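Student: below is the structure, and that's it, no one-letter string:
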């Protein structure tokens, strides 16, 4: 009897998971916003200004500044994938190139909203 309960619980959970999947996944822009919020904003801030406690401590540059905006997308991509200086760890294995490219676009959009 116990095995039947376990099987029923597994099937119910699997059924709920499939309903969740069928309901739709977040839009790609929501994915990149979530990744930025989880991985980048602790230093760069939600607005890109770098005025968070950690950002101030690390003397983070405002990604909306003219100096940073002059960086090529390739340089931004390299910073995300390979890390930058002593304070920014590489995210290549964790995020992959596709998400890193989306982050570059997202950060460029933040800079335009300044």
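Tutor: Noted; the coordinates are in hand. Since this is a predicted model, take the numbers as computed values, not measurements. Residues are numbered from 1 along each chain as shown.

Student: and stretch 69-79, how far out from the chain's middle?
Tutor: 16 Å (Cα atoms, centre = their mean, to the nearest Å).

Student: buried sites along it?
Tutor: The neighbour-count check on stretch 69-79 (16 or more other Cβ atoms under 10 Å) flags 76, 77, 78, 79 as buried. Every residue, glycine included, has its C-beta placed from N, CA and C.

Student: next helix or strand past the helix or strand bottoming out on mean pLDDT in the chain?
Tutor: Lowest by mean pLDDT, DSSP states H and E among the helices and strands of the chain is helix 2-22, with a mean of 47. Next along the chain after helix 2-22, taking DSSP states H and E as the criterion, comes helix 28-35.

Student: mind listing what's buried along that next one?
Tutor: For helix 28-35, using 16+ other Cβ under 10 Å, the buried residues are 32, 33, 35.

Student: could you do stretch 95-107 as well?
Tutor: So for stretch 95-107, counting by 16+ other Cβ under 10 Å, buried means 95, 99, 100, 101, 102, 103, 104, 106, 107.

Student: also stretch 57-71?
Tutor: 60, 62, 63, 64, 68.

Student: what's the closest of those to residue 111?
Tutor: residue 64 (4.3 Å; Cβ to Cβ).

Student: with adjacent residues omitted, what lies nearest to the spatially most central residue of the chain?
Tutor: The geometric centre of the chain, computed from its C-alpha atoms, lies nearest to residue 35 (Cα atoms, centre = their mean), at 1.7 Å. Of all residues not flanking residue 35 in the chain, residue 99 sits nearest, at 6.0 Å (Cβ to Cβ, 6 or more residues apart in numbering).

Student: could you measure from the one you found over to residue 86?
Tutor: Distance, residue 99 to residue 86, using Cβ to Cβ, to the nearest Å: 23 Å.

Student: same deal with residue 33?
Tutor: 27 Å.

Student: if we can go back for a sec, contacting residues for the residue nearest to the centre of the chain?
Tutor: Residue 35 makes contact with 95, 99, 102, 103, according to Cβ atoms under 8 Å, 6 or more residues apart in numbering.

Student: how near is it to residue 53?
Tutor: 21 Å.

Student: then residue 88?
Tutor: 16 Å.
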